[in-house]
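Here is the input, now give the coordinates:
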Amino acid sequence: MVGIPGKSKGCHTCRRRKIKCDLQRPSCVRCMQSGRVCEGYKRGPVFLNRTAQGWQKRSRLEEVLPRHDAPQVPPGDDLRTFQQQSQSRPELYRALYRPPLQVNPSSAIKAQFQNIFIESYLPSNPKVGPGLTQVWLWEAIRVNNPGKALEYSLRALCVSRVGRINRDQDLILKGNATYGLALKALHRSLESQELAGKDDTLAACLILSIYELFESTTNSTEGHENHISGIERLVAWRGPGQHSSPLAKALLKNVVYTSMVKGLQYRKASIIKDLIDKTQWWDIQGELFAKGHTLAALLETLDRSMNSGEVDAAAAAKYIEQCCELDSDFQNWYRQLLKESPSPMYWKSGPSGKEPEILFASLYHAHLMLDFWALRLALSTTIDIICSRAPKEIPLPTRNTVEHLKNEHGSSRQINLATDIMLSLQYCMNDEYGLASSQKCLFSGRVALYALRRYPSEQLASYEAKFLDLTLKKGLRYAQDISKGMRSSWTAVVAERGPLQQSSDAN
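Residues are numbered from 1 along each chain as shown. Have a look, this model is predicted:
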């Protein structure tokens, strides 16, 4: 056997990415600028076996030795290279990437697991990430001296996901064991008023909610929703003005978005609604989520009145006015977005004779538009329902407004908005955008399917199949439970009151 060093002088990370390295030591500047872990330059011997057919071919980068001083910053290693190496040389994978039995991996190995998870979960190009509320993970991994709750939570999520990627049951079990440690550490942090108010405690809660989505033994989202309810209480306890750091801002925006989705699904205002109203939003995305919370609160008020039988002519006029004000707010928000965005922001593309796909100027604009379309679709559905049930004795001016709104927000608008959402999913669920992008499509996708089920067409079955196929291919098993929950919770309100009158433009 012969030891053969690698020929390239570049750092291991640049060599994996097949790009030119600047050779700066101890860490490559190119890696640091892109937010990746520089794995260093240290080479080890590579042993080749001589067989009857000649020398055995070496694996690429087999001489790489892990750094023990590697900084813990994301994202990093090439996932495909890692998967290829782990499949072709399982003994190398066990030697370099598997943590010790006591679930206490070294800094280098922890960074490696984090890199692999981040590469699969977030976009491969960090510049396209701002459209995703999950980018707080980048900030969470950068925390210096994290508390035990954050440390164990990150480790549990990363180890279990890498285990799933490589179908390694031992790693999955280690992730499960670390999850138990994370829950205990989080419980201790929440018992301390000082620790409970720290950003890394909130980050640990969010990480564990992601773990619950992916590692639940069923397709149910109950565990995830329990985590979200606890996170809402924690954010409400922290109060306004406690989210000024980059990590805290990113965490708050993610919580507000997740809470908005939950509030719309169950037609109930969030306990952090007052905090959201008092927050001075620093970007247009946060402003949109705040309007989504306003819609959830309006739905709760409307349902309460309808259940109590208090919807007379005056009440109907009041709710119609509130819906119109919110619709005007959405239109103003969109006009502001157009001023800040490239033109065109999105367009349809595809071969003639086939259903087109909607493409976007960036992933950021794609998710902004998906959320905007979903919220306007939910509002249009609500306006359509209110107008269809408006009492006949409603005053004439209001009655004219009702007829106008039925035309404006009826089946045509709802079908158009829902169709645009469905035509955008392929773009947003592209592999290069990571699992987080696909995960964020679930809200808009299920709102679109609900609307399309109200007005069935020949395309409904294909859209349902497409949505399910895209989500299951991504390993989003819980999408089935989410879609089922959306259908039952939104349609129950309608079903209890008998069939709706069709809008004037419905076929």
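
Every contact and neighbour count from this point should use C-alpha atoms.
Will do.

Tell me, how many residues neighbour Y121?
Other residues near Y121 number 23, with proximity taken as other Cα atoms under 10 Å.

I'd say it and Q439 touch.
No - contact criterion Cα atoms under 8 Å: Y121 and Q439 do not qualify, at 9.5 Å.

How about the contacts made by the residue nearest the centre of the chain?
By Cα atoms, centre = their mean, the chain has its centre lying nearest to K440, at 3.8 Å. K440 is in contact with 132, 367, counting by Cα atoms under 8 Å, 6 or more residues apart in numbering.

secondary structure element for it?
Assigned by DSSP states H and E, K440 belongs to helix 434-454.

what comes up buried for that helix?
By 16 or more other Cα atoms under 10 Å, the buried positions in helix 434-454 come out as 434-452.

tell me the SS of K348?
What DSSP: H, G, I helix; E, B strand; the rest coil gives for K348 is strand.

Pairing partners for it in the sheet, please.
Applying DSSP bridges to K348 gives these bridge partners: I358.

Quick check: it touching A361?
No - proximity of K348 to A361 does not meet the contact threshold set by Cα under 8 Å, at 11.7 Å.

Now do the same for the residue nearest to the centre of the chain: its pLDDT.
We have a pLDDT of 88 for K440.

Mind giving me the packing neighbours of the helix or strand encompassing A297?
Using DSSP H and E, A297 sits within helix 284-308. Applying 3 or more Cα pairs under 8 Å, 6 or more residues apart in numbering; DSSP states H and E, we find helix 284-308 packed against helix 246-266, helix 273-278, helix 313-340, helix 363-388.

try it again with 10 Å
Packing partners of helix 284-308 (3 or more Cα pairs under 10 Å, 6 or more residues apart in numbering; DSSP states H and E): helix 246-266, helix 273-278, helix 313-340, helix 363-388, helix 479-495.

least reliable of these going by mean pLDDT?
Averaged per stretch, pLDDT over the helices and strands packed on helix 284-308 is lowest on helix 479-495, reaching a mean of 42.

Not including adjacent chain positions, what is the nearest residue to L275?
P240 (5.6 Å; Cα to Cα, 6 or more residues apart in numbering).

how close does S424 sit to F443?
13 Å (Cα to Cα, to the nearest Å).

who touches both of these two?
Shared contacts of S424 and F443, defined by Cα atoms under 10 Å, 6 or more residues apart in numbering, are found at L370.

re the thing from before, correct me, but the residue nearest to L275 touches K278?
Yes - at 6.9 Å, P240 counts as touching K278 under the criterion of Cα atoms under 10 Å.

In terms of neighbours, single out the busier of these two.
Between P240 and K278, counted using other Cα under 10 Å, the more crowded position is P240 (17 against 11).

Quick check: the more buried one vs D274, distance?
Using Cα to Cα, P240 is found at 9 Å from D274.

would you turn the helices and strands packed on helix 284-308 into a markdown table with distance to L137?
A markdown table is the format used below for those (distance: least, Cα to Cα, whole Å):
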| stretch | distance to L137 |
| --- | --- |
| helix 246-266 | 9 |
| helix 273-278 | 22 |
| helix 313-340 | 26 |
| helix 363-388 | 17 |
| helix 479-495 | 22 |
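
just so I know, which of those helices lies nearest G230?
G230 lies closest to helix 246-266 among the helices and strands packed on helix 284-308, at 10.9 Å (Cα to Cα).

Buried residues, the closest one. List them.
Buried positions in helix 246-266, judged by neighbour count with 16+ other Cα under 10 Å: 247-266.

Report the backbone C-alpha coordinates of that helix in CSV.
Only the C-alpha atoms of helix 246-266 are listed here, as CSV (Å, rounded to 0.1, in the frame of the first residue of the first chain):
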residue,chain,number,x,y,z
PRO,A,246,-30.2,40.5,14.3
LEU,A,247,-31.0,37.1,15.9
ALA,A,248,-33.9,38.4,17.9
LYS,A,249,-35.4,40.2,14.8
ALA,A,250,-35.1,37.1,12.7
LEU,A,251,-36.6,34.9,15.4
LEU,A,252,-39.5,37.3,15.9
LYS,A,253,-40.3,37.4,12.2
ASN,A,254,-40.4,33.6,12.0
VAL,A,255,-42.6,33.4,15.1
VAL,A,256,-45.0,36.0,13.7
TYR,A,257,-45.2,34.1,10.4
THR,A,258,-45.7,30.7,12.0
SER,A,259,-48.3,32.2,14.4
MET,A,260,-50.1,33.8,11.5
VAL,A,261,-50.5,30.5,9.7
LYS,A,262,-51.8,28.9,12.8
GLY,A,263,-54.2,31.7,13.5
LEU,A,264,-55.6,31.6,9.9
GLN,A,265,-55.9,27.8,10.0
TYR,A,266,-57.9,27.9,13.2
